[in-house]
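Visitor: Predicted model follows, preceded by the sequence.
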2 protein chains.
Amino acid sequence: MDLFVSKYFNKIDKKGRISLPSSFRNVLPKANRNEIILYKSIKSPSIEGCGVGRLKEIAKRINNLDFFSEDYDDFSTSIFSEIVTTNVDKEGRFLIPEALKLYAGIKTEAAFFGQGHFFQIWEPKQGLKNTEDSRKRLLKEKKSLRMMLTQQK
Amino acid sequence: MDLFVSKYFNKIDKKGRISLPSSFRNVLPKANRNEIILYKSIKSPSIEGCGVGRLKEIAKRINNLDFFSEDYDDFSTSIFSEIVTTNVDKEGRFLIPEALKLYAGIKTEAAFFGQGHFFQIWEPKQGLKNTEDSRKRLLKEKKSLRMMLTQQK
DNA sequence: CATATACCCATTGACGCCCATATAATCCCA
DNA sequence: TGGGATTATATGGGCGTCAATGGGTATATG
């Protein structure tokens, strides 16, 4: 499986370390399995994360913008300066930077939610509430959900 | 990681030295890891910096502008004639030339902002404000920022 | 000779690496 | 197929190393 799926609830220890779920670690390319990138989610009080390979793709896209335009700086600043890289130790743990923990309201525990090509880290209660809420929104349009689930390739 | 990412706030000591963030040092080619180039940003009151290898890339970009346009001369002059090279000492510190500190309003502390293939140095408060401003501009077009982050190859 | 800058050494706190344990999952063989 | 044994995962903690910062002194350069 090369996608981030399922959800996990892990603890932050005294040193601030938290385990990246084992199944998530296996999604990371064997080459850079000891480094992930984190950034504030744009649309929710959560942290998003993924392997460094994804960052390189983003870099390429930005590089294709007109270098002398204002957009270039806006994207470059909002993305590169907001992204942090963190090292995953041999036990599979990493540090969530203080600023990001603050943004997501995370203290002693965090919830990991697989999102396919990336994952989200939430304060557990907020994360669960968010899952409920988004499911409710989907059910309001039952039809579209049913279609999504039953549609054959 | 071979990109300048994240942001750092470091102090300038009595001798005028400031640490180039360790993660930035690692982006510099192992060969010329003790030398960086600095120049005034054209678009903001900040200093831009990168490894010496990046010079070629800058030249290329300027070359892509229309040679007979005013822009060409302006960019060419503004950038090339303003570039200074600085040495990074064994502890990873360097001196920001007086003229550049003045241009950016930097006094006792400076903020480093990763920008992918280069980085910016700001007076901390102005730098933070700039980040906010550019994020606001982008959020007006939520779709574009989201696309940049989530688009699949 | 005077000022600026490079080199060397020191300090402090944060982080990485290593080792340890408990619980859970998997295996393997009788 | 059952049950003990092996492996993996999440978690805890010691300790050495590195990064950021401070300062003394040699050296260069005008």
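Guide: Thanks, I have it.
Visitor: near DNA strand C, which residues of chain A?
Guide: A:Lys15, A:Gly16, A:Asn34, A:Thr86, A:Asn87, A:Asp89, A:Lys90, A:Glu91, A:Leu95 (Cβ under 7 Å from any atom of the strand). Glycine gets a C-beta too; all of them are placed from N, C-alpha and C.
Visitor: For the second one, what are phi and psi?
Guide: As for A:Gly16, its main-chain torsions (degrees, to the nearest 10) stand at phi 90, psi 10.
Visitor: Kindly tell me how buried it is, as a neighbour count.
Guide: 13 (other Cβ atoms under 10 Å in any protein chain shown).
Visitor: Check the gap between it and chain B for me.
Guide: 17 Å (Cβ to the nearest Cβ, to the nearest Å).
Visitor: Test my guess that that residue contacts A:Phe94.
Guide: No - at 9.4 Å, A:Gly16 does not count as touching A:Phe94 under the criterion of Cβ atoms under 8 Å.
Visitor: Kindly supply the ChimeraX command isolating those of the residues of chain A next to DNA strand C that are buried.
Guide: Buried subset of these, written as a ChimeraX selection, criterion 16 or more other Cβ atoms under 10 Å in any protein chain shown:
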select /A:86,95
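Visitor: Of the residues of chain A next to DNA strand C, which is the nearest to B:Leu28?
Guide: Of all the residues of chain A next to DNA strand C, A:Asn87 has the smallest distance to B:Leu28: 19.1 Å, by Cβ to Cβ.
Visitor: which ones are touching A:Thr86?
Guide: Neighbouring residues of A:Thr86 by Cβ atoms under 8 Å, 6 or more residues apart in numbering or on different chains: A:Glu35, A:Ile36, A:Ile37, A:Leu38, A:Phe94, A:Leu95, A:Ile96, A:Pro97.
Visitor: right, and out of the residues you listed, which lies closest to DNA strand C?
Guide: A:Leu95 (5.4 Å; Cβ to the nearest atom of the strand).
Visitor: related to what we said a few turns ago, just put the residues of chain A next to DNA strand C in a markdown table and tack on pLDDT.
Guide: Putting the residues of chain A next to DNA strand C into a markdown table (pLDDT from 0 to 100) gives the following:
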| residue | pLDDT |
| --- | --- |
| A:Lys15 | 94 |
| A:Gly16 | 95 |
| A:Asn34 | 91 |
| A:Thr86 | 95 |
| A:Asn87 | 94 |
| A:Asp89 | 93 |
| A:Lys90 | 91 |
| A:Glu91 | 92 |
| A:Leu95 | 96 |
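Visitor: Can you tell me which of the residues of chain A next to DNA strand C end up in strands?
Guide: Among those, DSSP state E puts A:Thr86, A:Asn87, A:Leu95 in strands.
Visitor: Kindly provide the distance from the first one to B:Leu138.
Guide: Noted for A:Thr86: a distance of 24 Å to B:Leu138, by Cβ to Cβ, to the nearest Å.
Visitor: The last one now?
Guide: Here the distance between A:Leu95 and B:Leu138 works out to 28 Å (Cβ to Cβ).
Visitor: Please apply the same query to the second one.
Guide: To B:Leu138, A:Asn87 is 29 Å away according to Cβ to Cβ.
Visitor: In contact with the most centrally placed residue in chain A, which residues?
Guide: Of all residues in chain A, the one closest to the mean position by Cα atoms, centre = their mean is A:Glu48, 2.3 Å from it. Shown in contact with A:Glu48 (Cβ under 8 Å, 6+ apart): A:Leu38, A:Tyr39, A:Lys40, A:Ser41, A:Gln115, A:Phe118, A:Phe119, A:Gln120, A:Ile121.
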